[in-house]
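Peer 1: Here is the input, now give the coordinates:
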Amino acid sequence: MASGAVLRAQAIGLVAIAAFLSPALAAGERPTAVIPTQTIYPGETLEAGMLEVVDVTNPDITDGYARSLDEVEGKVTKRTLLPGRVILASALREQHAVERGSKALLVFSKGGLTITATGSPLQDAAVGDLIRARNVDTGVIVSGTVMADGTIHVVAK
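Peer 2: Next up is the predicted model:
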């Protein structure tokens, strides 16, 4: 009788560990993964029509893959995604808010002083990235943070 209680306790422990490792298992759901329905090439923006959400049937699948459309929609691919294969989070990036060589507004603010100028980013960057940009009027290179509206907020030295 004691061995039955031990086995039951071990089974409960395994279920608890599985629930801790996978929230989907804790809720009694099967885990899901997002897969492409077509070949998607680097630089393409992911849209719902290109993707499908499927149940994960492989218990040995490694973590780091997209589980829902919300995680991937609107992101840009860094490498080719093949139909039927899970999409790894490392294969995606945010869209660039500014692109190298384009024009962007440079903004410097300190206290009540605000200075604006036209600049040219020296690299592609997403929102929140710290980049370098050239002031097109003076040629001076400054560093700044890319904002959601595409402006670059210059940092003081």
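Peer 1: Report the central residue of the protein.
Peer 2: Centroid-nearest residue in the chain, with Cα atoms, centre = their mean: Arg93, separated by 5.1 Å.
Peer 1: for it, which residues make a bridge with it?
Peer 2: Beta-bridge pairing for Arg93 (DSSP bridges): Val76.
Peer 1: ok, now which ones touch Arg79?
Peer 2: By Cβ atoms under 8 Å, 6 or more residues apart in numbering, the contact list for Arg79 reads 42, 91. In this view, the C-beta of every residue, glycine as well, is placed from N, C-alpha and C.
Peer 1: That one and Glu52: what is the separation?
Peer 2: 19 Å (Cβ to Cβ, to the nearest Å).
Peer 1: Run me through the strand neighbours of the longest strand anywhere in the chain, direction for each.
Peer 2: For the chain, the strand with the greatest residue count under DSSP state E is strand 113-121. Sheet pairing of strand 113-121 (DSSP bridges) gives strand 104-110 (antiparallel), strand 130-135 (antiparallel).
Peer 1: how far does stretch 60-73 sit from the chain's center?
Peer 2: Mean-position distance between stretch 60-73 and its chain equals 11 Å (Cα atoms, centre = their mean, to the nearest Å).
Peer 1: then that stretch to PDB, C-alphas only?
Peer 2: Coordinates of each C-alpha in stretch 60-73 appear next as PDB, following Å, rounded to 0.1, in the frame of the first residue of the first chain:
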ATOM      1  CA  ASP A  60      10.800  16.900 -27.600                       C
ATOM      2  CA  ILE A  61      10.400  20.300 -29.400                       C
ATOM      3  CA  THR A  62      12.900  22.900 -28.100                       C
ATOM      4  CA  ASP A  63      11.600  26.100 -26.600                       C
ATOM      5  CA  GLY A  64      12.000  29.500 -28.400                       C
ATOM      6  CA  TYR A  65       9.300  29.200 -31.000                       C
ATOM      7  CA  ALA A  66       6.300  31.400 -31.600                       C
ATOM      8  CA  ARG A  67       3.100  30.100 -30.000                       C
ATOM      9  CA  SER A  68       0.500  32.600 -31.200                       C
ATOM     10  CA  LEU A  69      -0.100  35.000 -34.100                       C
ATOM     11  CA  ASP A  70       0.200  38.000 -31.800                       C
ATOM     12  CA  GLU A  71       3.800  37.200 -31.200                       C
ATOM     13  CA  VAL A  72       4.800  37.300 -34.900                       C
ATOM     14  CA  GLU A  73       2.300  39.500 -36.800                       C
END
